[in-house]
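S.K.: Here is a sequence with its predicted model. Questions after.
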Amino acid sequence: MGSSCSSGRKARLIKISKCQPGRFYSFNQVAFDKALAHLSKNAFAFWCLCAKNADGFMLNISKRTVTNSCGFSERTYARAFDELLHKGYITSSSEGHYIFFEGGFID
(Lines give C-alpha, C1' and ligand atoms only; values in the text may rest on other atoms or scores of the structure.)
Protein backbone atom coordinates (compact mmCIF):
# COMPACT_ATOMS: atom_id res chain seq x y z
CA MET A 1 0.00 0.00 0.00
CA GLY A 2 1.13 3.53 -0.67
CA SER A 3 1.21 6.38 1.76
CA SER A 4 -2.13 7.38 3.21
CA CYS A 5 -1.18 11.02 2.88
CA SER A 6 -2.65 12.66 -0.20
CA SER A 7 -2.45 16.38 -0.85
CA GLY A 8 -5.78 16.36 -2.74
CA ARG A 9 -7.85 14.92 0.14
CA LYS A 10 -9.52 17.11 2.72
CA ALA A 11 -11.14 14.41 4.86
CA ARG A 12 -11.47 10.66 5.21
CA LEU A 13 -14.83 9.05 5.87
CA ILE A 14 -14.39 6.28 8.43
CA LYS A 15 -17.18 3.87 9.44
CA ILE A 16 -16.90 2.74 13.07
CA SER A 17 -17.17 -1.00 13.81
CA LYS A 18 -17.43 -1.68 17.56
CA CYS A 19 -16.88 -4.92 19.46
CA GLN A 20 -20.09 -4.18 21.39
CA PRO A 21 -22.53 -2.46 18.99
CA GLY A 22 -24.61 0.38 20.32
CA ARG A 23 -22.10 1.42 22.98
CA PHE A 24 -21.10 5.08 22.79
CA TYR A 25 -18.11 6.55 24.63
CA SER A 26 -17.37 3.10 25.95
CA PHE A 27 -14.48 0.88 24.93
CA ASN A 28 -14.30 -2.88 24.90
CA GLN A 29 -11.74 -3.58 27.65
CA VAL A 30 -9.87 -6.26 25.66
CA ALA A 31 -9.70 -4.01 22.58
CA PHE A 32 -8.56 -1.06 24.72
CA ASP A 33 -5.79 -3.10 26.38
CA LYS A 34 -4.63 -4.51 23.02
CA ALA A 35 -4.47 -1.04 21.44
CA LEU A 36 -2.69 0.40 24.47
CA ALA A 37 -0.07 -2.36 24.38
CA HIS A 38 0.54 -2.44 20.62
CA LEU A 39 0.20 1.12 19.36
CA SER A 40 2.47 4.12 19.68
CA LYS A 41 1.09 6.87 21.90
CA ASN A 42 0.08 8.94 18.87
CA ALA A 43 -1.65 6.04 17.12
CA PHE A 44 -3.38 5.20 20.41
CA ALA A 45 -4.67 8.79 20.70
CA PHE A 46 -6.05 8.49 17.14
CA TRP A 47 -7.53 5.07 18.08
CA CYS A 48 -9.32 6.72 21.05
CA LEU A 49 -10.68 9.47 18.80
CA CYS A 50 -12.27 6.81 16.58
CA ALA A 51 -13.24 4.28 19.29
CA LYS A 52 -15.26 6.77 21.33
CA ASN A 53 -17.92 6.84 18.58
CA ALA A 54 -20.95 4.55 18.35
CA ASP A 55 -20.95 1.43 16.18
CA GLY A 56 -21.86 2.20 12.59
CA PHE A 57 -21.25 5.94 12.99
CA MET A 58 -19.75 7.49 9.87
CA LEU A 59 -16.91 9.68 11.13
CA ASN A 60 -15.81 12.34 8.65
CA ILE A 61 -12.28 12.87 9.88
CA SER A 62 -9.83 15.40 8.51
CA LYS A 63 -6.24 16.28 9.29
CA ARG A 64 -7.50 19.41 11.01
CA THR A 65 -9.89 17.42 13.22
CA VAL A 66 -7.14 15.08 14.37
CA THR A 67 -4.42 17.70 14.68
CA ASN A 68 -6.72 19.91 16.77
CA SER A 69 -8.19 17.10 18.91
CA CYS A 70 -4.92 15.26 19.55
CA GLY A 71 -2.42 18.11 19.30
CA PHE A 72 -0.68 16.48 16.32
CA SER A 73 1.30 17.99 13.50
CA GLU A 74 0.20 16.94 10.01
CA ARG A 75 3.19 14.56 9.78
CA THR A 76 2.24 12.94 13.10
CA TYR A 77 -1.33 12.57 11.85
CA ALA A 78 -0.09 10.78 8.71
CA ARG A 79 2.19 8.45 10.71
CA ALA A 80 -0.56 7.61 13.22
CA PHE A 81 -3.09 6.91 10.43
CA ASP A 82 -0.55 4.71 8.62
CA GLU A 83 0.19 2.79 11.82
CA LEU A 84 -3.53 2.11 12.39
CA LEU A 85 -3.82 1.02 8.77
CA HIS A 86 -0.79 -1.30 8.86
CA LYS A 87 -1.67 -2.80 12.26
CA GLY A 88 -5.20 -3.70 11.18
CA TYR A 89 -7.29 -1.13 13.02
CA ILE A 90 -8.30 0.70 9.83
CA THR A 91 -8.93 -0.81 6.40
CA SER A 92 -10.28 0.60 3.17
CA SER A 93 -13.77 -0.41 2.11
CA SER A 94 -15.10 -1.22 -1.33
CA GLU A 95 -16.88 2.17 -1.36
CA GLY A 96 -13.55 4.00 -1.19
CA HIS A 97 -13.96 4.91 2.47
CA TYR A 98 -12.34 3.36 5.54
CA ILE A 99 -13.56 1.11 8.35
CA PHE A 100 -12.19 1.41 11.89
CA PHE A 101 -12.14 -1.86 13.85
CA GLU A 102 -12.04 -1.21 17.57
CA GLY A 103 -10.35 -4.56 18.25
CA GLY A 104 -8.27 -4.64 15.08
CA PHE A 105 -8.57 -7.41 12.55
CA ILE A 106 -4.95 -8.62 12.44
CA ASP A 107 -3.39 -10.50 15.37
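M.R.: That came in fine, so what should we check first?
S.K.: in this structure, which segments are predicted with low confidence?
M.R.: Where the chain drops to pLDDT under 70, the residues are 1-10, 20-25, 106-107.
S.K.: hey, which helix is longest across it?
M.R.: Longest helix in the chain, counting residues (DSSP state H): helix 74-86.
S.K.: Can you spell out which helices and strands pack onto that helix?
M.R.: Judged by 3 or more CB pairs under 8 Å, 6 or more residues apart in numbering; DSSP states H and E, the packing partners of helix 74-86 are helix 41-51, helix 63-70, strand 90-92. Bear in mind the C-beta positions are built from the backbone N, C-alpha and C, glycine included.
S.K.: redo that, cut-off 10 Å
M.R.: Contact analysis of helix 74-86 by 3 or more CB pairs under 10 Å, 6 or more residues apart in numbering; DSSP states H and E lists strand 11-17, helix 41-51, strand 58-62, helix 63-70, strand 90-92, strand 98-101 as its packing neighbours.
S.K.: The ones you listed into JSON lines, with extra columns for mean neighbour count and distance to residue 77?
M.R.: Supplementary listing: the helices and strands packed on helix 74-86 in JSON lines, determined by neighbours: other CB atoms under 10 Å; distance: least, CB to CB, whole Å:
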{"stretch": "strand 11-17", "mean neighbour count": "17", "distance to residue 77": "11"}
{"stretch": "helix 41-51", "mean neighbour count": "20", "distance to residue 77": "8"}
{"stretch": "strand 58-62", "mean neighbour count": "15", "distance to residue 77": "9"}
{"stretch": "helix 63-70", "mean neighbour count": "15", "distance to residue 77": "5"}
{"stretch": "strand 90-92", "mean neighbour count": "17", "distance to residue 77": "13"}
{"stretch": "strand 98-101", "mean neighbour count": "20", "distance to residue 77": "14"}
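S.K.: Next, the buried residues of the longest helix of the chain.
M.R.: Neighbour-count burial for helix 74-86, counted by 16 or more other CB atoms under 10 Å, picks out 76-85.
S.K.: From residue 19, how far out is the residue lying closest to residue 102 once chain neighbours are set aside?
M.R.: Counting by CB to CB, 6 or more residues apart in numbering, residue 31 is the residue found nearest to residue 102 once chain neighbours are left out, at 4.6 Å. Residue 31 sits at a distance of 5 Å from residue 19 (criterion: CB to CB, to the nearest Å).
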